[in-house]
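Enquirer: here is the input, now give the coordinates:
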Amino acid sequence: MATGSTQPFRPAGTVGASASTTGANVALAGGGQAVLVYNASASVAFFRLGGASALSVGTSDTPVPPGSRMLVDAGPFVTNAAVVLSSGTGTVYFTRGDGDAY
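Expert: The predicted model follows:
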């Protein structure tokens, strides 16, 4: 494959986090080095990825607007995600897989 080429995202597993203004932690499903984060809530979601099962998350972490998605390179050692909402409650989905274009 040529340098700079893109690979379509290939999902391997999805988990939903019941999010609120209090941080929630979830173990990621499937495998791969990318994570697609989809914010299905009506509020801004802030997330953090890591290898620990009890991640701390706050409003200074990576934001995802309501109804939006973000594909991030997570590497092979990321196993967990944490999320918090700016207000209200909702679901944020984390889909693990491979690829760099969605």
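Enquirer: state the helix or strand in which the spatially most central residue of the chain lies.
Expert: Centrality entry for the chain: nearest residue to the mean C-alpha point is V37, 3.5 Å, by Cα atoms, centre = their mean. Take DSSP states H and E as the rule and V37 turns out to sit in strand 34-39.
Enquirer: contact partners of that strand?
Expert: The set of residues external to strand 34-39 that reach it, using Cβ atoms under 8 Å, 6 or more residues apart in numbering, is 9, 11, 28, 45, 47, 49, 64-74, 78, 81, 90, 92-100, 102. Placement of C-beta: from N, CA and C, glycine included.
Enquirer: what's the PyMOL line that selects buried ones from those residues?
Expert: The buried residues among the contacts of strand 34-39 can be selected in PyMOL (16 or more other Cβ atoms under 10 Å) with this line:
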select buried, resi 9+11+28+45+47+49+64+70+71+72+74+78+81+90+92+93+94+95+96+97+99
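Enquirer: wait, doesn't N80 sit right on V26?
Expert: Yes: because the distance of 6.8 Å satisfies Cβ atoms under 8 Å, N80 is recorded as touching V26.
Enquirer: return the strand or helix carrying M70 as PDB; C-alpha atoms alone will do.
Expert: Using DSSP H and E, M70 falls within strand 69-73. Provided in PDB are the C-alpha atoms of strand 69-73 (Å, rounded to 0.1, in the frame of the first residue of the first chain):
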ATOM      1  CA  ARG A  69     -18.400  10.900  15.800                       C
ATOM      2  CA  MET A  70     -14.600  10.900  16.100                       C
ATOM      3  CA  LEU A  71     -12.200   8.200  14.900                       C
ATOM      4  CA  VAL A  72      -9.000   8.100  16.900                       C
ATOM      5  CA  ASP A  73      -5.800   6.000  16.800                       C
END
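Enquirer: and the next helix or strand after it with strand 34-39, angle?
Expert: Downstream of strand 69-73, the next assigned helix or strand under DSSP H and E is strand 80-85. Between strand 80-85 and strand 34-39, the angle comes out at 20 degrees (axes from the mean of the first three to the mean of the last three Cα atoms, to 10 degrees).
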